[in-house]
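Participant: Can you look at this prediction? I've put the sequence above it.
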Amino acid sequence: MLSILNSLFIAAVLAGTPLLLGALGEILTEKSGNLNLGVEGMMFMGAITGLAGSYYYEQGVIASGGTPNGVISAVIALICSFFAGTLGALIYSFLTITLRANQNVTGLTLTIFGTGFGNFFGEYIGQKAGGYVAVGDATKAAFTNLKIPVLSELPVIGKLLFQYNWLVYFAIILAIVMTWFFNKTRVGLNLRAVGESPATADAAGIDITKYKYFATVIGGGICGIGGMYMSMVTTKGVWVHGCVSGYGWLAVALVIFATWSPARGMLVALVFGGLTIMRMYVNIPGLPAQIYDMLPYVATILVLIITSMRESKEHAQPKSCGTNYFREER
């Protein structure tokens with residue numbers, strides 16, 4: 001029994017990491033008052049560009065007679081996926097902040113665009129590569145579990161906490177930094193003010209447009225990294241059509257479940273990750289797999305009901321989220 005729980009915990013951490021990255025990007029975006037429902041699309045864009053960046057780096061080095069370096073390949077994947085996510089978010093920002101288009105419609109459109117972008121270029125590059133696209137062993141090794149001296153060798157704790165790939169620790173550090181940023185820095189507090197009441201923040205001299213662009217574009221980049229996790233870790237460096245497979249929507253649900261808190265997001269990502277792979281470890285005879293897939297969303301609905309009943313301002317969505325700011329109406 002203990003062995004099953006340990007395996008379930010490890011699998012939950014690995015499955016929850018892309019959800020956490022997607023949720024962190026969306027939390028940063030929503031703190032500025034922008035509701036970007038294009039998380040799925042930005043994750044798809046990050047998934048294919050991260051994989052393509054590493055693949056073409058390896059091909060270029062091999063063609064020149066060299067040997068690809070896994071660390072350099074991983075950094076290239078990280079940079080490519082981040083900038084792909086920022087590109088998707090920049091499109092969204094221009095339409096909603098500058099042109100004041102409807103945020104919900106624009107976000108859904110971005111999801112459709114990003115999904116098509118990822119699947120189209122994934123298949124295209126795969127055909128050019130001879131059937132499918134996959135990175136080499138050096139890059140795959142860079143995304144495997146780390147062996148931290150001493151810590152990884154600790155009984156039980158070492159396996160549970162210190163033997164994951166570097167993106168897991170990257171996501172945890174990012175969540176901690178974002179928590180500090182929102183609560184302890186002037187820029188973070190200004191950003192929260194923009195999300196709560198842009199008119200008041202504008203009257204106080206805060207540049208609303210700059211803050212909204214900054215948060216939305218950087219948030220999109222983080223979502224792109226979450227997509228890169230799917231293509232480089234979940235599918236082990238091989239492009240799989242539709243590899244993000246709804247994780248972007250789960251990330252949006254996670255934001256609500258975590259009540260827009262990066263710190264709580266870490267715990268909720270673990271819960272969501274566990275729910276998504278639970279059927280592999282806790283199999284109830286006669287229970288359809290679709291019921292397992294529903295559990296994260298059922299939990300999110302319950303949290304929405306509870307937070308609405310409590311009317312807690314601390315745990316509520318930023319007040320201006322989803323509403324475009326018109327300075328002329330201030």
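Facilitator: Cool, the structure landed.
Participant: only C-alpha atoms for contact and neighbour calcs from this point on.
Facilitator: OK.
Participant: name the helices or strands packed onto the helix or strand N104 falls within?
Facilitator: Assigned by DSSP states H and E, N104 falls within helix 103-128. When contacts are defined as 3 or more CA pairs under 8 Å, 6 or more residues apart in numbering; DSSP states H and E, helix 103-128 packs onto helix 39-63, helix 70-93.
Participant: to the chain's geometric centre, what's the distance from it?
Facilitator: Distance of helix 103-128 from the chain centroid (CA atoms, centre = their mean, to the nearest Å) equals 16 Å.
Participant: For the next helix-or-strand element following it, output the C-alpha coordinates as PDB.
Facilitator: Sequence-wise, the next helix or strand downstream of helix 103-128 (DSSP H and E) is helix 137-142. C-alpha atoms of helix 137-142 as PDB (Å, rounded to 0.1, in the frame of the first residue of the first chain):
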ATOM      1  CA  ASP A 137      19.400  11.000 -26.700                       C
ATOM      2  CA  ALA A 138      21.400  14.000 -25.400                       C
ATOM      3  CA  THR A 139      18.300  16.200 -25.200                       C
ATOM      4  CA  LYS A 140      16.200  13.400 -23.700                       C
ATOM      5  CA  ALA A 141      18.800  12.900 -21.000                       C
ATOM      6  CA  ALA A 142      18.700  16.700 -20.200                       C
END
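Participant: what is the rounded mean pLDDT of helix 137-142?
Facilitator: In this model, helix 137-142 carries a mean pLDDT of 95.
Participant: Same check on stretch 211-228?
Facilitator: Mean pLDDT, computed over stretch 211-228, is 98.
Participant: secondary structure class for the closest residue to T259 other than its chain neighbours?
Facilitator: In space, and not counting its chain neighbours, T259 is closest to H315: 5.0 Å by CA to CA, 6 or more residues apart in numbering. The three-state assignment at H315 reads coil, by DSSP: H, G, I helix; E, B strand; the rest coil.
Participant: Could you find the residue nearest the spatial middle of the protein?
Facilitator: The centre of the chain sits closest to G22, judged by CA atoms, centre = their mean, with a distance of 1.7 Å.
Participant: circling back to that earlier point, could you dump the helices and strands packed on helix 103-128 into JSON lines with distance to S261 added?
Facilitator: Converted to JSON lines, the helices and strands packed on helix 103-128 look like this (distance: least, CA to CA, whole Å):
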{"stretch": "helix 39-63", "distance to S261": "17"}
{"stretch": "helix 70-93", "distance to S261": "21"}
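Participant: Most tightly packed of the ones you listed?
Facilitator: Mean neighbours per residue, mean count of other CA atoms under 10 Å, is largest over the helices and strands packed on helix 103-128 for helix 39-63, with a mean of 27.
Participant: Would you tell me which helix is longest in this protein?
Facilitator: helix 2-31 (DSSP state H).
Participant: next one: that helix to chain centre, how far?
Facilitator: Computed by CA atoms, centre = their mean, the chain-centroid distance of helix 2-31 equals 10 Å.
Participant: hmm, back to that, tell me the SS of the nearest residue to the residue nearest to the centre of the chain once chain neighbours are set aside?
Facilitator: Among residues not flanking G22 along the chain, C223 sits closest, at 4.4 Å (CA to CA, 6+ apart). Following three-state DSSP, the label given to C223 is helix.
Participant: With G114 as the reference, measure out to C223.
Facilitator: 12 Å (CA to CA, to the nearest Å).
Participant: Identify the contacts common to these two.
Facilitator: Residues touching both C223 and G114 by CA atoms under 8 Å, 6 or more residues apart in numbering: M42, M43.
Participant: out of the two, which sits in the more crowded spot?
Facilitator: Higher neighbour count among C223 and G114: C223, with 39 against 24, using other CA atoms under 10 Å.
Participant: okay but that one is in contact with I27, surely?
Facilitator: No - counting by CA atoms under 8 Å, I27 is not a contact partner of C223; they are 10.4 Å apart.
Participant: So for the two, which residues contact both of them?
Facilitator: With CA under 8 Å, 6+ apart, C223 and I27 have no common neighbours.
Participant: just to revisit the earlier point, compare the helices and strands packed on helix 103-128 and give me the one nearest F214.
Facilitator: Ranking the helices and strands packed on helix 103-128 by their distance to F214 (criterion: CA to CA) puts helix 70-93 first, at 9.4 Å.
Participant: For that closest one, enumerate the helices and strands it packs against.
Facilitator: Counting by 3+ CA pairs under 8 Å, 6+ apart, helix 70-93 packs on helix 39-63, helix 103-128, helix 137-142, helix 208-229.
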